[in-house]
Structures are given as C-alpha cells and as structure tokens.
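> test case, fold it:
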Amino acid sequence: MLQQSVSAVHQPPVWLSKRMLTAAACLLVVTLGAFLRLVGTNWDEGANLHPDERHMMFVVSDTMTGLAALKPGDMSLAELWFATGESPFDPRQKERLYVYGELPHLAVSGTAWLAGMSGWPEVLRLARTMGAVLDAYTILAVFLLGTLALRSAPAGLGAATLYALSPLAIQHANFFTVDIWLTAATAWCLVAATMLVRARSQRAALGWAAASGALAGIALACKLPGLALFGVVVVAIVVNYRGRGAHRRLASLAAALALALVFTCVAFRLACPFTFQGPGIFGLALAPNFIKGYAEMSHVVLDPGFPPNWQWIAGYSPARALLDLGIWGLGPVTTVALVASLALLAWRGPPSWPGLLPLAALAAAITIYWISGPIPALRYVMPALPALCVIAAAPFPWLAASLTGRALLALMVVAAGLWGLGMVTLHSSTNSRVAASRWLWLNTQPGTVLVNETPWDDGLPVPVRLSGKPELAWAGQGEHFELLTFGLEAPDNEEKAAKIAKLLDQADLVILSSERMRKPITALASRFPMTSAYYEMLGSGELCFERVYRDQRGYPVLGFAFSDRSAQEPWSVYDHPTVEIYRKLGCYERQRTQSRLIQALANGS
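Model (predicted):
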C-alpha cells in the first residue's frame with residue numbers, strides 16, 4: 001500500500017502528459033518568435049528606408065485614395081474585386097509597374113480600409129505588424145511540418161526553434177515585402193502536402209490534395225516562384241497513390257491531380273484577381289498590364305547598366321551566395337546542423353523518406369532557382385527556409401535520447417538564439433542612416449552643402465525626429481542643407497570628372513550613406529577606372545577631405561560586431577549600412593583633382 005502511494009506521488013498529473021508538454025513548448029517557441037519579430041517593426045523610425053516597401057506603400061496609398069473617393073453604389077463588391085483597371089484595389093492602375101503577387105497588397109489595403117486607416121505611417125506600421133504576426137504563424141507551420149515529416153515532436157520543436165531564430169526570417173518579418181507572405185504560404189502548403197503523403201484513405205487523400213492545391217494557389221498569389229509548389233503537390237499525390245494497390249490507382253491519381261489543379265487555379269483567381277483581364281471572375285485572359293510589367297522587369301534584371309545589378313556582375317559566385325545563406329540567412333548553428341543532418345541521413349537513411357519528399361523537393365527547387373538566377377538575393381531563397389530548418393532538425397530525436405545529446409541540443413539552441421538576437425539588436429537600435437542624419441542636424445550650420453553619391457540610393461539626411469520635436473525633419477528643411485548629387489553611377493568620362501571636381505569644390509561635406517556604390521564600382525575598376533580612383537583618393541586623404549564620421553555596425557552578438565561587409569548588398573543596405581562622412585579641408589584644389597581623375601580615366605582605358 002505504501003509503495004503504491006509513493007508511486008502515485010511520483011506519477012505526473014494527467015495535464016502534464018507528453019502531448020501537453022509538447023504543445024506548451026511549441027506555444028513558447030511561437031511566442032518567443034513573435035516577440036523577436038514584433039520588437040523591431042519600427043526599425044527605421046519612420047524614415048522609409050526600404051525602396052521595395054516604398055513601392056508597396058505607394059500602391060497601397062493610391063488604393064486608399066481611390067477607396068476614399070468611392071461613393072455609395074459606385075462599385076459592387078464583385079466589381080471591387082474583379083474589375084481590372086477600374087477597381088481601386090488594382091495595383092497596376094494607370095500603367096503602374098507592379099510585378100509582385102497581389103495578395104499581400106490586397107490584405108494590407110483591405111485591412112487598413114476596414115480599420116479606417118489612411119496615413120502612410122500607420123498603414124506601414126500595420127503592414128509590418130501583419131508580416132511579423134504572419135511569420136510567427138509560419139513558426140507553428142514549421143513545427144507541424146517537422147513533426148509530420150520526421151515523425152517526431154522533438155524534431156518539430158527543434159525545426160520551429162531554428163526557424164524562429166533565423167536572422168533572415170527575423171529581418172524580413174520587419175519588412176513590408178511579399179517574401180515573408182510567400183514563405184508563410186509555402187510552409188503551410190508543405191504541411192498539407194505532407195499530410196497528403198500520409199493519408200490512408202482515398203477521401204482523406206482527395207481532401208488534402210484540395211487543401212494543398214489551394215495553398216499552392218495562395219503562394220502563387222504572393223509571388224511568381226510560388227508556382228513551384230504545384231510541382232510539390234504533384235509529388236505528394238504521386239507518392240501517396242504509389243503505395244496503394246493497383247486497383248483503380250490510375251483513376252484515383254487522375255482525380256487527385258485534377259482536384260489539386262482546380263483548387264490551385266480557383267485560389268489563385270480569387271487571391272490575385274487583377275492578373276486577369278476580366279470582366280468578372282470568368283474573364284481569364286491575362287491582363288495586358290500584368291504581361292507588360294513582367295516583360296519590363298525581365299529586361300531590367302538583365303541590364304548591365306542598372307546599378308543594383310552591378311554587385312552580381314562584379315563576381316558574386318554561387319559559393320558566396322551559399323556562404324551568405326549559411327552565415328546570415330540560416331545562421332551558423334542551423335547551417336552546421338543542416339550539413340550534419342544531410343550527412344547523417346545519407347548514412348543511416350531518413351526515418352520516413354516519403355514524408356520528407358515534398359519538403360526536400362521544394363528545398364531543392366527553390367535553392368536551384370535561387371542560386372542559378374542572375375540575382376541570387378537572399379530573399380529569393382526564403383521560401384526554402386522552413387524546409388531547410390526541418391531537415392537540419394532530423395538528428396534531434398537521436399540527440400534527445402541521451403544526456404550528452406540533450407546538453408548539446410541546449411547549447412545549440414542558446415548559440416542559435418544569441419546569433420538570431422543580433423538581428424533583433426539591429427532592428428531595435430537606431431538605424432545607421434538615421435543616426436548619421438541626426439549627427440548632421442546637430443553638428444552643422446544652416447547653409448551646409450552636402451554632396452551625396454547617387455540618386456540610386458537614399459542619401460543623407462533622411463527624415464528624422466530631432467530632440468523634443470515630434471514631427472519628422474526632412475532633408476534640407478528650413479534651408480539648413482543644400483543638397484547636391486555626384487551621379488557616380490554615370491559612365492566614366494571627362495565631363496563626369498569635371499562635375500566631380502566642381503561639386504567637391506562646392507561641398508562642405510561628402511556623404512557615403514552606404515556601400516551601394518563604392519563596393520561594386522571598385523570591384524568593376526576596369527569599367528569605372530576614374531570613379532574607382534576617386535574613392536581611393538577620398539579614402540587616402542589625397543583629395544584633402546578628412547573622415548569625420550563613420551558608423552559601421554556589423555552584426556552584433558554579445559557586444560561583439562561580426563563584420564558582414566563581404567555579404568551581399570541587400571543583407572545590410574537597408575537596415576544597417578556603413579555610413580561615412582568626409583569634411584573638406586583647406587588644401588583642396590579643384591583643377592588638380594580634375595586632372596588626376598582624367599589621368600586615371602586615360603590609364604584605365
């Protein structure tokens with residue numbers, strides 16, 4: 001009797017079952033991930049420093065203006081949603097270039113409209129908050145995906161934790177761009193596709209085929225690469241029906257494929273209505289502005305004269321792209337776990353290979369598309385992050401079976417957390433362009449002449465709030481600054497040399513608001529010999545300009561800044577660029593500078 005009483009004392013309560021503990025741990029991870037994302041939504045303090053966000057916001061603002069101008073009875077709900085070229089919700093009205101999926105725009109515009117919002121700042125805050133919350137739900141999807149694909153709750157928790165702490169996911173959850181929306185749709189589509197693989201009855205298989213097809217259509221409505229998800233759905237359907245008996249297999253397979261295709265098309269038609277010409281839901285011809293926009297963008301991304309393309313032309317190799325993904329995208333801990341997991345899976349075999357096929361197919365398709373394209377920006381590989389985190393967590397159940405393994409897992413989580421917190425630190429501290437702009441306002445006299453590098457980047461000062469003043473101080477407000485621009489993106493010639501020398505003569509301060517021009521131009525010295533010489537002369541002091549301000553953040557971890565200057569431009573140019581300010585000294589000579597630049601041009605040619 002005494003033994004039974006003691007045993008009863010040590011029995012865990014019913015509510016502390018393994019499933020309850022797993023659910024609590026999952027809730028903790030999702031809550032932590034949401035906090036890490038929501039804390040940085042005001043990362044630029046209203047300065048609007050992301051150009052893709054500005055493009056999205058211009059579209060949303062025009063939509064809000066159009067909706068405000070509508071009178072009762074002007075348009076029915078069906079016309080608002082399907083009247084291409086007429087509805088205020090159409091992002092391509094008035095020949096506007098818009099090459100993203102329409103769902104993020106419609107979700108933000110519709111929410112802001114229903115909430116009665118109108119001002120740019122509050123709508124932008126709403127858009128960023130929606131992205132952060134959406135990505136928190138992506139963490140939940142990763143947990144489910146890992147649990148289903150690897151048949152292990154510890155693996156699901158590990159995958160969710162790795163994704164929650166991913167620097168790239170945290171960064172883009174604070175940007176109003178479509179990539180975080182595509183990643184969310186991708187993760188949930190993979191969950192449905194994995195359930196489809198595991199379905200035992202034909203009814204369940206057809207249900208999950210419809211669900212995964214609908215989610216593939218939603219992903220496509222976020223961004224064009226979402227099209228890859230329909231291929232993943234096809235893989236899941238084939239794997240499911242491959243394990244069934246031969247009787248009526250072909251007919252069942254055809255029915256599942258047809259159902260998935262129908263739901264993909266219907267979801268895309270409803271969530272991306274203005275891709276089609278209309279009128280009405282059955283007007284399925286592609287809209288001319290849709291075709292025109294993608295045709296124009298295809299020319300832009302291949303144009304060697306387009307300044308944002310120079311960083312890729314300057315020799316950005318696939319190896320560097322993978323290195324940036326490993327260090328700054330996934331983080332070192334997840335990358336090491338991923339490599340170890342792939343090696344372990346190759347040696348021991350996956351615990352349940354059919355369940356891994358949909359996410360493995362998606363990860364391979366997105367990674368190949370990303371690394372082989374002309375612009376391997378990290379945001380293009382984001383839809384693969386959930387799948388990569390699941391694969392990285394495959395060994396976690398084996399590690400969790402021993403005390404040493406559990407200690408190693410705890411160490412990995414702490415290390416991944418510290419690395420992920422670096423992005424949170426960057427987004428919760430003063431942006432380097434904002435800090436430099438405040439410095440300019442506080443350390444210069446009215447009439448100060450500032451020369452920025454190019455109109456292709458945000459020059460200084462950016463809009464900031466000064467001490468004791470709630471309103472934004474705009475560049476040049478009150479004639480405090482005279483703002484000039486070199487135009488360093490122009491081809492090197494003698495006229496450009498004369499312009500640089502003239503503007504340097506007029507300047508009080510020369511601004512480098514990021515590395516967006518200097519890095520690719522100096523890497524393309526054979527194409528820009530004169531401008532490369534200008535940067536060398538500026539940095540060495542030969543121009544008679546001294547550096548009076550520098551803010552080089554790096555990536556902060558435990559008070560130490562890891563240098564990320566070698567990483568691709570989009571990683572840092574918006575939220576933590578290197579900023580330098582140079583002051584003219586009395587020894588500057590315009591004619592000598594012009595002659596020196598022309599000499600560099602002659603030597604280079």
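> C-alpha only now, for contacts and for neighbours.
OK.
> now for the helix or strand harbouring M412, which elements pack on it?
For M412, the host element (DSSP states H and E) is helix 403-428. On a contact count with 3 or more CA pairs under 8 Å, 6 or more residues apart in numbering; DSSP states H and E, helix 403-428 meets helix 18-38, helix 153-164, helix 167-173, helix 332-348, helix 396-400, strand 555-557.
> same list, the ones you listed, but as JSON lines with distance to S566 please.
Compiled in JSON lines, these are given as follows (distance: least, CA to CA, whole Å):
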{"stretch": "helix 18-38", "distance to S566": "25"}
{"stretch": "helix 153-164", "distance to S566": "24"}
{"stretch": "helix 167-173", "distance to S566": "16"}
{"stretch": "helix 332-348", "distance to S566": "16"}
{"stretch": "helix 396-400", "distance to S566": "32"}
{"stretch": "strand 555-557", "distance to S566": "12"}
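> which one of those is the most hemmed in?
helix 153-164 (a mean of 29; mean count of other CA atoms under 10 Å).
> quick one: mean pLDDT for it?
Mean per-residue pLDDT for helix 153-164: 96.
> same question for stretch 333-346.
Rounded mean pLDDT across stretch 333-346 is 92.
> just stretch 173-186 next, same as before
The pLDDT scores in stretch 173-186 average 98.
> start to end distance for it?
Across its full length, stretch 173-186 reaches 15 Å between end residues, using CA to CA, to the nearest Å.
> hmm, who's touching it?
For stretch 173-186, contacts defined as CA atoms under 8 Å, 6 or more residues apart in numbering pick out 37-38, 40-41, 43, 50, 52-53, 56, 100-101, 104, 124, 127-129, 131-132, 134-135, 137-138, 169, 172, 215-216, 218-220, 222-223, 226, 229, 379-380, 382-386.
> distance from the chain centre to it, please.
The chain centre lies 7 Å from the centre of stretch 173-186; the measure is CA atoms, centre = their mean, to the nearest Å.
> so for it, what gets flagged as buried?
173-186 (16 or more other CA atoms under 10 Å).
> next step: those restricted to helices.
A173, D179, I180, W181, L182, T183, A184, A185, T186 (DSSP state H).
> in the protein, which ranges drop under the pLDDT threshold?
Within the chain, the stretches with pLDDT under 70 are 1-16, 243-249, 349-352, 605.
> ok, which stretches of it are strands?
Shown for the chain, the strands assigned by DSSP state E span residues 448-452, 464-465, 472-473, 481-485, 509-512, 545-551, 555-557, 560-562, 579-584.
> could you dump those strands into TSV and include distance to P318?
Converted to TSV, the strands of the chain look like this (distance: least, CA to CA, whole Å):
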stretch	distance to P318
strand 448-452	32
strand 464-465	38
strand 472-473	42
strand 481-485	34
strand 509-512	28
strand 545-551	29
strand 555-557	22
strand 560-562	22
strand 579-584	28
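> looking at these, which is closest to T194?
T194 sits nearest to strand 555-557 of all the strands of the chain, at 36.2 Å, using CA to CA.
> partners of that closest one in the sheet?
strand 560-562 (antiparallel) (DSSP bridges).
> for the closest residue to L106 other than its chain neighbours, give me its contacts.
Take L106 and drop its neighbours on the chain: the residue closest to it by CA to CA, 6 or more residues apart in numbering is F89, 6.7 Å away. By CA under 8 Å, 6+ apart, the contact set of F89 is T63, L80, W81, L106, S109.
> circling back to that earlier point, ok, so of the ones in helices among the buried residues of stretch 173-186, who is nearest M530?
Nearest member of these to M530, counting by CA to CA, is D179, at 37.8 Å.
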